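> one predicted model, sequence on top.
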Amino acid sequence: MSSLNYSQFIWNVADVLRGTYKQHQYGQIILPFTVLFRLDATLAPTKDKVLKAAAGYELDGAPTAMLPARANHDYSFYNLSRHNLSTITTNPDTLALNLRDYINRFSENVRDIFEKYKFEDTIADLEANDLLYQVMLHFSKVDLHPSKVSNEQMGNIFEELIRKFAEASNEI
């Protein structure tokens, strides 16, 4: 799939948001979910090894320096939730609770991203409007793993999404 096809697929979640949200609000929802699903896909191969290597450490005290060696984990970020986005999506009744837990179990450098997006507010608002499950299902249909979508492609996807948000907000 090309970068444009990925961005078009991701953008199509706007169909779920339409009517509840205004076009200028789409970016505040779609971009953090895109980041979330990219991070989840990136971390998936080492998830179990990271959990095992970090067992017994507090979230903020997780030994990031030892993760590469003990868990074959090459990233400066991690997630210590027992969940991944696939397991979270299997139960709509606990979706928001488990999603919050998942976000809060990221390393601090990633949690900062979601705090800047005010993602907690987004989760609460989507849940209140019965849209959280639909948004999660939509995103679960795209594989953003680095073996499928290169970093360059991911950059192009973000650029295209940002362009679409600007157009939708009449900011171009």
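Good, I have the coordinates.

> in the worst-scoring helix or strand of the chain on mean pLDDT, what counts as buried?
Sorting the helices and strands of the chain by mean pLDDT, DSSP states H and E puts helix 67-71 at the bottom, at a mean of 77. Judged by neighbour count (16 or more other C-beta atoms under 10 Å), helix 67-71 contains these buried residues: L67, A71. Where you see a C-beta, it was placed from the backbone N, CA and C, and this is true even at glycine.

> right, and the helix or strand after that helix?
helix 85-89 (DSSP states H and E).

> does anything pack onto that next one? Which helices or strands?
Counting contacts by 3 or more C-beta pairs under 8 Å, 6 or more residues apart in numbering; DSSP states H and E, helix 85-89 packs against helix 26-43, helix 95-104, helix 132-140.

> go through it and flag the buried ones.
Here helix 85-89 shows L85, I88, T89 as buried, counting by 16+ other C-beta under 10 Å.

> and those residues as a markdown table, adding pLDDT and distance to R105?
Output for the buried residues of helix 85-89, formatted as a markdown table (pLDDT from 0 to 100; distance: C-beta to C-beta, whole Å):
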| residue | pLDDT | distance to R105 |
| --- | --- | --- |
| L85 | 96 | 12 |
| I88 | 95 | 12 |
| T89 | 94 | 16 |
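
> so which elements touch the least confident helix or strand of the chain?
Contacts defined by 3+ C-beta pairs under 8 Å, 6+ apart place helix 67-71 against helix 47-54.
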